[in-house]
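J.: Sharing a sequence plus its predicted fold:
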Amino acid sequence: MWNVVCRPESIPTWFPGIVSCTVDGNVRVITTATGLDMPEEILTIDPHIRKFAYRITAPLYKFHLGEIDVIEIGVNDSLCVYSTTALPDTLALLIAGGTIGALDQIQRIAEGARV
Amino acid sequence: MGRRILFITTDQQRYDTVGANGGTLSRTPVLDGLAAEGVRYERCQPTSVVCMPSRSSMLTGQFPTTHGAWMNGVPLAIDAPSVAENLHDAGYATALIGKAHFEPFMDPFGLYAENALANLGIPTIEQDWFDGRRGVHRGFDHLEFATHGVMGSLHYAKWMNEEHRDAIRGFYQVVDRDLNVNAAGGGDTSAPQVKFNAVPRELYHTDWVADRTISWLDQQPADKDWFCWMSFPDPHHPWDPPQSEIGRVPWRDVPLPANYPERASDREAILDEKARHWRAWYDGRVVSNYEAPAKWVPATMSADQVREVNALNAVEVELVDEAIGRVLKAVHAKGWADDVDVIFTTDHGELQGDFGLLFKGPYHVDALMRLPLIWRPARSTKPEPSVVRAPVSLVSLAATFLEVAGQPAPSWVEGQSLPTTDDEAHARTFDATVTEWDSSLFGHDVHVRTVVTDAHLYTEYGAGTLHDGSEGELYDLADDPLQRHNRFDDPEMASVRSTLSERLHAHEHRPGERAVPGVVMAPV
């Protein structure tokens, strides 16, 4: 599961509605299916604690922090926790909606790789 | 060759805005004519007082707790039942032109077909159907969408942005910088969601919906059966009709609504009789529906603002009526005058000043729940004009369309087809309708169930963040038609309350398979 999410350029493969992205250093710009470009700052990619953290820096957001934690819960099982804190509330809700689909896709890819 | 179906909806239109229903502010000769020829319903209720659940009920013939789109922002499952799929199977050409809203408008990730079709440049796409087959999107082989303005990626917005960019500045900005519904005021009185709009009338979405409907009808062979859902976004806010038309209803001449006591203390006394969230919203302590501007406090609304909102609303209703008239002329010109059933309704009402409130929310009274519904059966059936006073519901529409098309109602339809007389209504036990509300948004959970009979309107509030599960409202519709005096705790009404509570209990435990409730993906 960590292998699915640890590479910043992989996000179009597991986040529904993100169709492409560019990565330059710690700056990632994602493009959504509606043509919306959103710049992000990558804060952490820590393979030891399996944590990926990023911040959307688009001016529409007053605050954003996204964290993906992969927690080992067994020999072949992991728990993926994708948490988002965002302001304004409406944007938080929209991100949360997208995140539900992302978690489903992360699970599908990870389980497919395991098979 | 069967009976064609022209299904006309508006958005957020009160019962009393139609002349045939006693409305005097807007002139609606076309709707009045349909009512005079056909069936006018005096107590039609929605299954929900917000758009997505209510519209999903029209399509599925199911209550929100069955189809799963239980609040705005929860998409109707792509493989939910759809009456359009059945009509498509029966050989009907099927179109939905205007406002659909089975899927969220706020869609930054482009997850929903409704928001993608205009950019894809195709009339429909293939999707999973309820019965496991694949077919055109929700059963419609032609889709052209519009909503309340020029934002977003729907067909009307795209057309305005590409072809008439100069005109888009005239529209009201529906959401603010925080993506909340905008509280900014305009017009002469600074009423919320009001703006003088310089857009030429022929570019406004009401005329666009009619134009696109006429264009689609023109493409249909003369002997083809068709089902066309023509769905106007008005008179839902914002109230920004073309400025050239606003002289039709001078707001200074508009009387205040019967349910708007001019003295604040009188309004507040009425609100204090109701469940606690009424007064809490009025005072600006709670906003329990996204579509009410978060930064607007109803208690600040002036009588003149109520007048101006009602005037602009009436202008929008008149424009819709005239647009319907143009479409009916086109229908006649194609030689279909005797073979088309016309059904007109809306998805829910609008408070429009009642009790000092605007917009909508979990407030189950006639302003939001009593809807215009007119069915002009095809003239070839020689319809007898009638008025149905028995309570009916929008959940009956799907079965009605299928009956008109000579198709059996499938097992998933929860509503039986509409009666055409009161005698028929009584024989078929049309004696009560239920309206549901469930919402969970920004920390507020609200759960409401209301049953309406020909004598009473009864509401129970489930436990949530604003109610403890013990509150309710009970109105005697004969003695208190404006629903001002809550008799929920009146000992004299204990027996009535018990009977109606049992009706709600029966509704909650009705048989049938329910969809898994959908997930809130957006506020609207």
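T.: Nice, I can see it. Numbering: from 1, shown residues only, chains lettered A, B, ... in the order given.
J.: Residue B:169 - that's part of a helix, no?
T.: Yes - according to DSSP: H, G, I helix; E, B strand; the rest coil, the state of residue B:169 is that of a helix.
J.: how close does it sit to residue B:343?
T.: According to Cβ to Cβ, to the nearest Å, residue B:169 and residue B:343 sit 36 Å apart. Yep, even glycine has a C-beta here, placed from its N, CA and C like the rest.
J.: Among these two, which residue is more densely surrounded?
T.: A direct count of neighbours by other Cβ atoms under 10 Å in any protein chain shown for residue B:169 and residue B:343 places residue B:343 higher, at 23 against 11.
J.: List phi and psi for the more buried one.
T.: phi -120, psi 120 (degrees, to the nearest 10).
J.: so who does it touch?
T.: B:5, B:6, B:7, B:8, B:373, B:374, B:375, B:376, B:397, B:400, B:401 (Cβ atoms under 8 Å, 6 or more residues apart in numbering or on different chains).
J.: Show me the beta-bridge partners of it.
T.: residue B:7, residue B:375 (DSSP bridges).
J.: And the residue of chain A closest to chain B?
T.: Nearest residue of chain A to chain B: residue A:17, at 2.4 Å (Cβ to the nearest Cβ).
J.: Excluding chain neighbours, what is closest to that residue?
T.: residue B:109 (2.4 Å; Cβ to Cβ, 6 or more residues apart in numbering or on different chains).
J.: Need the pLDDT of that neighbour.
T.: With respect to pLDDT, residue B:109 scores 93.
J.: Can you tell me the SS state at it?
T.: Three-state call for residue B:109 (three-state DSSP): coil.
J.: Also the one 10 residues further on?
T.: In terms of secondary structure, residue B:119 is helix; the call rests on three-state DSSP.
J.: Pretty sure it sits against residue B:158.
T.: Yes - taking contacts as Cβ atoms under 8 Å, residue B:119 lies within contact range of residue B:158: 7.1 Å.
J.: before we move on, back to that, could you dump the contacts of residue B:343 to TSV with distance to residue B:126?
T.: What follows is those, written out as TSV (distance: Cβ to Cβ, whole Å):
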residue	distance to residue B:126
B:5	24
B:6	26
B:7	23
B:8	28
B:373	33
B:374	35
B:375	32
B:376	34
B:397	25
B:400	28
B:401	23
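J.: hmm, which of those are the buried ones?
T.: Applying a neighbour-count criterion of 16 or more other Cβ atoms under 10 Å in any protein chain shown, the buried members of those are B:5, B:6, B:7, B:8, B:373, B:374, B:375, B:376, B:397, B:400, B:401.
J.: Which parts of chain A are helices?
T.: Using DSSP state H, the helices found in chain A span residues A:2-5, A:11-14, A:89-114.
J.: Redo those as JSON lines? Include mean pLDDT, distance to residue B:418 and mean neighbour count.
T.: Output for the helices of chain A, formatted as JSON lines (pLDDT from 0 to 100; distance: least, Cβ to Cβ, whole Å; neighbours: other Cβ atoms under 10 Å in any protein chain shown):
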{"stretch": "helix A:2-5", "mean pLDDT": "93", "distance to residue B:418": "52", "mean neighbour count": "18"}
{"stretch": "helix A:11-14", "mean pLDDT": "96", "distance to residue B:418": "48", "mean neighbour count": "16"}
{"stretch": "helix A:89-114", "mean pLDDT": "91", "distance to residue B:418": "36", "mean neighbour count": "17"}
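J.: Now render those as CSV, adding distance to residue B:458.
T.: Output for the helices of chain A, formatted as CSV (distance: least, Cβ to Cβ, whole Å):
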stretch, distance to residue B:458
helix A:2-5, 51
helix A:11-14, 49
helix A:89-114, 33
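J.: Out of the ones you listed, which is closest to residue B:335?
T.: Of all those, it is helix A:89-114 that lies closest to residue B:335, at 47.5 Å by Cβ to Cβ.
J.: correct me, but residue B:321 touches residue B:31?
T.: Yes - Residue B:321 lies in contact with residue B:31 (Cβ under 8 Å); the separation is 5.6 Å.
J.: out of those two, which sits in the busier spot?
T.: Between residue B:321 and residue B:31, residue B:31 has the larger neighbour count (other Cβ under 10 Å), namely 29 against 23.
J.: Help me confirm that that one comes into contact with residue B:376.
T.: No - between residue B:31 and residue B:376 there is no contact under Cβ under 8 Å: 9.6 Å.
J.: can you tell me how far the closest residue to residue B:159 other than its chain neighbours sits from residue B:461?
T.: Distances taken as Cβ to Cβ, 6+ apart place residue B:208 nearest to residue B:159, at 7.3 Å, with adjacent residues excluded. Distance, residue B:208 to residue B:461, using Cβ to Cβ: 40 Å.
J.: For the stretch 201-350 of chain B, which segments count as helices?
T.: Assigned by DSSP state H, counting those that start in this stretch, the helices in the stretch 201-350 of chain B fall at B:205-218, B:264-272, B:276-282, B:303-333.
J.: Give me the packing partners of the first one, helices and strands only.
T.: Identification of packing neighbours for helix B:205-218 by 3 or more Cβ pairs under 8 Å, 6 or more residues apart in numbering or on different chains; DSSP states H and E yields strand B:93-98, strand B:142-145, helix B:155-163, strand B:226-235, helix B:303-333.
J.: tell me which residues in that helix are buried?
T.: By neighbour count with 16+ other Cβ under 10 Å, helix B:205-218 contains the buried residues B:205, B:206, B:207, B:208, B:209, B:210, B:211, B:212, B:213, B:214, B:216, B:217.
J.: For chain A, what's its nearest residue on chain B.
T.: Nearest to chain A in chain B, going by Cβ to the nearest Cβ, is residue B:109, at a distance of 2.4 Å.
J.: need the residues of chain A near chain B, please.
T.: Counting by Cβ under 8 Å from any Cβ of the partner chain, the residues of chain A lying close to chain B are A:15-18, A:32-34, A:36, A:60, A:62, A:88-91, A:93-94, A:97-98, A:100-101.
J.: let's go with 7 Å and repeat that
T.: With Cβ under 7 Å from any Cβ of the partner chain as the criterion, chain A meets chain B at residues A:16-18, A:32-34, A:36, A:88-91, A:93-94, A:97-98, A:100.
J.: Let me know the helix or strand that the spatially closest residue to residue B:295 that is not a sequence neighbour is in.
T.: Using Cβ to Cβ, 6+ apart and skipping the chain neighbours, the partner closest in space to residue B:295 is residue B:183 (4.1 Å). Using DSSP states H and E, residue B:183 sits within no helix or strand.
J.: burial measure for residue 76, as a count.
T.: All of this is about chain A. 7.
J.: actually chain B
T.: If you count neighbours by other Cβ under 10 Å, residue B:76 ends up with 26.
J.: pretty sure it is touching residue B:69, no?
T.: Yes - under the criterion of Cβ atoms under 7 Å, residue B:76 makes contact with residue B:69 at 4.2 Å.
J.: Quickly list what's touching both of those two.
T.: residue B:56 (Cβ atoms under 7 Å, 6 or more residues apart in numbering or on different chains).
J.: Mean pLDDT and distance to residue B:249 for the helices of the stretch 201-350 of chain B - can I get that in a markdown table?
T.: Shown next, in a markdown table, are the helices of the stretch 201-350 of chain B (pLDDT from 0 to 100; distance: least, Cβ to Cβ, whole Å):
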| stretch | mean pLDDT | distance to residue B:249 |
| --- | --- | --- |
| helix B:205-218 | 98 | 15 |
| helix B:264-272 | 98 | 24 |
| helix B:276-282 | 97 | 26 |
| helix B:303-333 | 98 | 4 |
